[in-house]
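[1] Quick one, what's the 3D model for this:
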Amino acid sequence: MLATMVAATTLGDLQPRVEDESRVLLGGVPWSTYVVLRDTVDSPGLRMTYLEGRLEIMSPSRTHEVSKKQIARLLELFCLERDIPLFGYGSTTFRKEEKQRGLEPDECYCRGADREVPDIALEVIVSSPLIDKLEVYRGLSVREVWLFRNGTFEIMTLRHDQYESIERSQVFPEVDLAALGRFALAEDQHAALKAFRDELRQQV
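    The predicted structure follows:
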């Protein structure tokens, strides 16, 4: 079915592989086709981003998945050590037909309570997206998007229906994002988590 849809749509762009990370952009995709594809295509890690008739299909690289998982483990460890209630949703599909938008964050969370829309979404950037994911998140009303690129976080917050870059997360102002980024890049994940935990405990 996927091959049929690709043949029937306009191929907008095909991005070369970056460390085995590939992206394809399809145009003229009806909402109903996107929903069927998302609900039926069973491929581990495959991400689909939909915006007003355009569909990006992305296969994340190993580097991408390692980074997003390590950041998730670090943030979850931080919240556990600081006794902050955290609700994680992984790469759940969020979509809204009336806004013609849908995607899967790398990771996403709510602080303090389980809600329909996550407070923050994490996006690890190894290769450039072919669809403006911030525009998708804006339509889904996600409060903050954490962009992680080359070991550095950029925090985008939703204000007056537009995203703005801010210095520190408003959802997790306690988190030292520079430290989080440093530990996220460590090759030894287990050692990095232990070192991060020890650092947190020394700060109490």
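
[2] okay, now residue 179: neighbour count?
    14 (other Cβ atoms under 10 Å). Placement of C-beta: from N, CA and C, glycine included.

[3] could you point out which element follows the host helix or strand of it?
    Element membership of residue 179 [criterion: DSSP states H and E] is helix 177-184. On the C-terminal side of helix 177-184, the nearest following helix or strand under DSSP H and E is helix 189-203.

[4] helices or strands next to that next one in the packing?
    Applying 3 or more Cβ pairs under 8 Å, 6 or more residues apart in numbering; DSSP states H and E, one finds that helix 189-203 contacts helix 62-81, helix 177-184.

[5] Can you give the contact residues for it?
    Applying Cβ atoms under 8 Å, 6 or more residues apart in numbering, the set of residues contacting helix 189-203 from outside is 66, 70, 73-74, 77-78, 81-82, 179, 183-184, 186.

[6] gap between the spatially closest residue to residue 38 that is not a sequence neighbour and residue 193?
    Leaving out its chain neighbours, the residue that sits closest to residue 38 by Cβ to Cβ, 6 or more residues apart in numbering is residue 48, at 5.4 Å. Counting by Cβ to Cβ, to the nearest Å, the gap from residue 48 to residue 193 is 31 Å.

[7] Now do the domain split for this structure, please.
    2-59, 62-203 (automatic domain parsing).

[8] Quick check, pLDDT for the nearest residue to residue 181 once chain neighbours are set aside.
    Of all residues not flanking residue 181 in the chain, residue 151 sits nearest, at 5.1 Å (Cβ to Cβ, 6+ apart). Looking at residue 151, its pLDDT stands at 90.

[9] What separation is there between residue 151 and residue 26?
    Counting by Cβ to Cβ, the gap from residue 151 to residue 26 is 32 Å.

[10] how close does the residue nearest to residue 38 get to residue 108?
    16 Å.

[11] Same question for residue 27.
    27 Å.

[12] Please identify which of the two sits among more neighbours.
    Remark: of residue 27 and residue 108, residue 108 carries more neighbours, 26 against 12, as counted by other Cβ under 10 Å.

[13] For the more buried one, name its beta-bridge partners.
    residue 121 (DSSP bridges).

[14] which ones are touching it?
    88-92, 94, 118, 120-122, 142.

[15] Including neighbour count and distance to residue 52, could these go into a markdown table?
    Listed next are the contacts of residue 108 as a markdown table, based on neighbours: other Cβ atoms under 10 Å; distance: Cβ to Cβ, whole Å:
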| residue | neighbour count | distance to residue 52 |
| --- | --- | --- |
| 88 | 14 | 29 |
| 89 | 18 | 24 |
| 90 | 12 | 26 |
| 91 | 18 | 22 |
| 92 | 11 | 21 |
| 94 | 21 | 16 |
| 118 | 26 | 22 |
| 120 | 23 | 24 |
| 121 | 28 | 19 |
| 122 | 22 | 24 |
| 142 | 22 | 17 |
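
[16] Nearest to residue 58 among those residues?
    Nearest to residue 58, judged by Cβ to Cβ, of the contacts of residue 108 is residue 91 at 11.5 Å.

[17] Can you tell me the closest non-neighbouring residue to that closest one?
    Nearest non-adjacent residue to residue 91 (Cβ to Cβ, 6+ apart): residue 104, at 4.3 Å.
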